[in-house]
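Chemist: what follows is a predicted protein model with its sequence.
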Amino acid sequence: MADILDLLVSAAFWTATLRIATPYILGTLGELVCERAGVLNLGIEGIMTLGAMAGWMTVYQGGDLWTGVMVAALAGGTLGLLHALLTVPLGLSQHVTGIGITLLGTSLSYYVYRMVLPQVSSPPTIEPFQPWAVPILSEIPVIGQALFNQTPLTYAALGAVGLVAWVLYRTPLGLAVRMVGENPAAAEAQGISVTAVRMGAVVCGSALMAVGGAFLTLSAFNAFFFNMINGRGWICIALVVFASWRPGKALLGAVLFAAFDALQLRLQQIVGPALPYQVFLMLPYVLSILALVLMSRRAAYPRALMIPFRKGERH
Amino acid sequence: MWLEPREHVSVAVRVLAPVAAVVASLALCAVLIAWTGTGVIQAYGLLFQGALGSQFALAETLTRATPLMLTGLAVAVAFRAKLWNIGAEGQLYAGALVAVLLGSGPLELPAWALLPVVLVAGALAGSVLLIGPTVLKTRFGVDEVVTTLLLNFIVLLFVSMMLEGPLKDPMGMGWPQSAPVLPEAELPKLIERSRLHWGLVLGVVASVVLWVINTRTVWGYEIKAVGANPRAAGFAGIAVNGVMLRVAMLSGGLAGLAGAVEIAGLRGYLTLDLSPGFGYSGIVVAMLAQLHPLAVVAASMFVAGIFVGADAMSRSVAVPNYIADVLVAVSLLCMLVAGFLVRYRIRWSGARAGRGN
Amino acid sequence: MHEVVLRLAGVTKRFGALVANDDISLELRRGEVMALLGENGAGKTTLMNILFGHYVADEGSIEAFGKPLPGGSPKAALAAGICMVHQHFTLADNLSVLDNVILGTEPLWRFRSDRGAAAAKLSALAERFGLTVDPAASVGSLSVGERQRVEILKALYRDARILILDEPTAVLTPQESELLFATLKLLTAEGLGVIFISHKMNEVMAASDTVGVLRGGKLVAVRRTAETDRSELAELMIGRTLKAPAVEPMEPAEPVLTLAGVTVRAARGMLDRADLVVRRHQIVGIAGVSGNGQAALADLVSGLGVPNDGRLEVFGKPVVVAGPLEMVRRGVARIPEDRHATGLVGDMTVWENLIAERVRLPEFSRFGFLRRDAARARAREVIKDYDVRCPGPDAVSRLLSGGNMQKLILGRTLSYKPGLILANQPTRGLDVGAVAYVHEQLLAARRAGAGVLLISEDLDELLALADQVAVIHRGRLSPLMPRAAVTVRQLGLAMAGHWEELPDVA
């Protein structure tokens, strides 16, 4: 028990937690933006995969790291645009379209990777982002050491939380996004183009998710593996519900979740072979389901979520 | 531009829609093939040959179609009731796990009884796995898409735990695989010296049975009503939650059966690569079939053909066999658009149709 | 005379073969309230949707303040100072009043919205026109009347010069309606032009300066309100003189529905110690603003809910195990509030919908298999007996008109000669012919010995049909009163909770 307490106050633990949390923060934010506008984006798993592959491939082909991030965002945004085209103007089932986007994003990533690197036994690597300690701040014990010894993409993810929150709650654009997710007919009657706002939100949200995927290949690891997203996208969808569609709570949820993940990694070392390692690996998924069950009752979900809107049609 | 709902859709249009979707996806993926520098015609020719070009190829395709038929039916029956079961993959593994567990010898049963018990138990395992998310959906409003998806990962980890633990084959040279099932628990081969087994017949029979259920029985009627308008169904006196549970049993059962059939008919033992995504491809099969049980048979053969053909093709030209996954994903999206064009007509100008009250 | 602010010239709109608006020309002047009167399906809503840019007219032109208004763009209409208050409010429940009002009034790409100034402007407007409402309150917590105020404030905030209201009183009590019309007077005094759409004669007479009558897509007459009267308008609107349904006096017999101290606490609404008796040969009307417990009462009789407390009896026997099938078996006919949402499954065929309530009974199924021939034969009968206009039993019911959908529901349930009929808003949104048909059927059932529980927001309908009336308010039912003993004014006040106004009939 004392071991665990020591762990919880150690800077190394929280540094790891924030690192683990970064893809969840970005993925959850991206999904949140889509859902706030009324579009469920089950393409997240595929979009994160494509982001991971595209970002890594760009750097591997000689681009610098930030170009990799941009390419990942662009690739994710493009896949998001496809999802938006099918679900917004055409109003197709958001469930099935999302699954299709995930299948497409994943298979396309593998195809391109294999096409460029047909005969590799061990995956080639790149030089990833290095942690950048913020002067002075990173010397504050524990909190500073944990918060300000991260790679640039983690800082970017934290910044994105503030940015998304500001846009959603403080700007006319954010109000429009929230309104098309709550009552699109009302937005349309006030002169807002529901189609444009929804599509824009899905594209931007998808770009965020893709950067979350790229974090894995450009920052956390230095290579692209098959199955590397491994359900992170689906967990993000659960985290959005857990966060009641609020950016601040999304950050909280992602960090809590990551802390738990970091904890189970340490526990594995402590407990050792007494329990099969698969039990620990199952925990994040079990935890996500639990979070969904606990929060679903209280969830104030966007009223128009998953409801397509066609101009002039009665509801 | 605006959309006008079509009032009547002819059978010809319904049949043509998936064909058009497939043609469109082949055309779109031609770009990816051309990118590798391979001739598109050559590549598709090889793919076709590899899928249907010989008796061996055909048998391979039908073997591959068998589990897809069952997972396709599982998805079709669930989606009809708007139960978004994306967990066929996990249910398949649950079915396979139970099949191996019972089929490898712990039961004292007459020889003829073992196979039916293994298949039924496998199906039940799939059913049980889907009941959880369904109850969470009907009781607490938890979205079943996410829960069934997450369960896929949990089940796979559980299977991995079993294969490295209690179920590990002592003769397996350290590989994480189970002991094989007894010969009495195996499905007989359909054609000697091929891998094709009686599971195919089971799949076709299942689709006919499901079609009869859908069109001729109270159950099918209730499933349709609940899927189309649960409020009206409830008002009319249909027990909506009960119907959902029944659908979950049916859908999970079919996916579980797919796993049991793969074990009993083809593999004989369980490994972690039993299914190359049969559960997810089942969604594509069901959508290509427009959720029609009989059409699932054809759609599963198409998807199986793509996978088998792409494997063969990638052996002779420099196109990664992942082209099959891309093709299947693109055809799902194309099918969605085709289904849309079946339901709506796009008008670029002129009068918007409306209908008074 | 003030200047013309809005001019329509020869506006025509076709939907396929149907001409929804046929060569309509009219003028609205500054400071004027114009009523557009017409039946459902006369083309009122289409015309307003053209004005506001939801639809594009096939022919004709619209001018606002002397400038042509481009069609098909709500944005252009807003820019020209035209604002619309829809019948179904276009508000987001989860957002605040202020959020709802300022949406779309600022350029989207701004670093921050100036909420302080917006709140100040909103409060000033609210004060000037007596439309008090808390800007920070979430819309979901407001009453229907307050929501309408928010809708009007939305228009005023945008400096509307022309205000269009679509059936604004449909959801209000008579007293709330009066308040609304007082507000409209204030607005016109400030120079706004107002158009309101209605099918209620007394409102039109009370609140408008001019009235345009639409019938079958044509503008058949424009009158100064002061120079016309109800009977002329009614004739113009319907094209023939309206005959009130003849309710022959009948002696009520034994009770078919009894509620004694029934309390229901459910998500869809509540009942608080309700007492009610419906007898054979009797129509009992329930008046009230929607959301006051009607849903709970209807669910109870439909078999969808059970009392938390108190006694519920149908045909003299207590209801122990509720359920729609149980009620249907006992002989209860149920006409639901919303044809589309709960009445029919739109994607199923006519015959499939006809057997929905009885699919598990031997009549339509055996050993779990459907008796499709029996069902189709039944469908053909109902189509004939109830004059359902459709291609046949295999037609998809989504494609039926509202009136024919309702006939289908009537046929599904009334053809079994029920002893108790629950009719929940049975004529909402129907055209005059279909309304008359539904009324006839209910009266015929009453003659045949059924008891009818008629829940309606339309006081005219209640006073035309019901033998006895009760008012429902916040889950409480008033005592039953004979129709002759109450007036519209009393009912209106009682609907707002002023029961002391009701005549003492105990």
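Modeler: Arrived safely.

Chemist: going forward, measure contacts between C-alpha atoms and count neighbours the same way
Modeler: Noted.

Chemist: in chain A, which spans are strands?
Modeler: Here chain A has its strands, by DSSP state E, at A:132-133, A:149-150.

Chemist: tell me the most buried of those?
Modeler: strand A:149-150 (a mean of 23; mean count of other CA atoms under 10 Å in any protein chain shown).

Chemist: quick check: residue C:145 is in a strand.
Modeler: No - going by DSSP: H, G, I helix; E, B strand; the rest coil, the assignment for residue C:145 is helix, not a strand.

Chemist: any idea how far it is from residue C:172?
Modeler: Remark: distance between residue C:145 and residue C:172 (CA to CA, to the nearest Å) = 7 Å.

Chemist: which residue of the two possesses the greater neighbour count?
Modeler: residue C:172 (22 against 17; other CA atoms under 10 Å in any protein chain shown).

Chemist: which strand residues bridge the closest residue in space to residue C:224 that isn't next to it in sequence?
Modeler: The shortest distance from residue C:224 to any non-neighbouring residue, by CA to CA, 6 or more residues apart in numbering or on different chains, is to residue C:210 (4.4 Å). Counting by DSSP bridges, residue C:210 forms beta bridges with residue C:34, residue C:224.

Chemist: for chain C, which of the strands of chain A is the nearest?
Modeler: strand A:149-150 (28.8 Å; CA to the nearest CA).

Chemist: partner strands of the closest one and their direction?
Modeler: strand A:132-133 (antiparallel).

Chemist: any idea of the mean pLDDT in the partner strand?
Modeler: Taken as a whole, strand A:132-133 has a mean pLDDT of 87.

Chemist: over to stretch A:46-65?
Modeler: 97.

Chemist: what comes up buried for it?
Modeler: A:46-60, A:65 (16 or more other CA atoms under 10 Å in any protein chain shown).

Chemist: before we move on, what about stretch C:382-392?
Modeler: Here stretch C:382-392 shows C:382-383, C:386, C:388, C:390 as buried, counting by 16+ other CA under 10 Å.

Chemist: cool, stretch C:361-380 as well?
Modeler: C:364-365, C:368-372, C:375-376, C:378-380.

Chemist: any chance of the buried residues of stretch C:382-392 in CSV, plus distance to residue C:423 and pLDDT?
Modeler: Shown next, in CSV, are these (distance: CA to CA, whole Å; pLDDT from 0 to 100):
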residue, distance to residue C:423, pLDDT
C:382, 19, 96
C:383, 20, 95
C:386, 17, 94
C:388, 19, 93
C:390, 23, 90
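
Chemist: and of these, the nearest to chain A?
Modeler: The closest of the buried residues of stretch C:382-392, once distances to chain A are taken by CA to the nearest CA, is residue C:390, at 22.6 Å.

Chemist: how far away from the center of its chain is whatever helix or strand residue B:118 lives in?
Modeler: If you go by DSSP states H and E, residue B:118 is part of helix B:111-140. The chain centroid and the centroid of helix B:111-140 are separated by 16 Å, computed with CA atoms, centre = their mean, to the nearest Å.

Chemist: got the buried residues for the next helix or strand after that helix?
Modeler: Counting by DSSP H and E, the next helix or strand C-terminal to helix B:111-140 is helix B:144-164. For helix B:144-164, burial by neighbour count (16+ other CA under 10 Å) applies to B:144-164.

Chemist: go on, stretch C:101-120?
Modeler: C:101-105, C:108, C:112-113, C:118-119.
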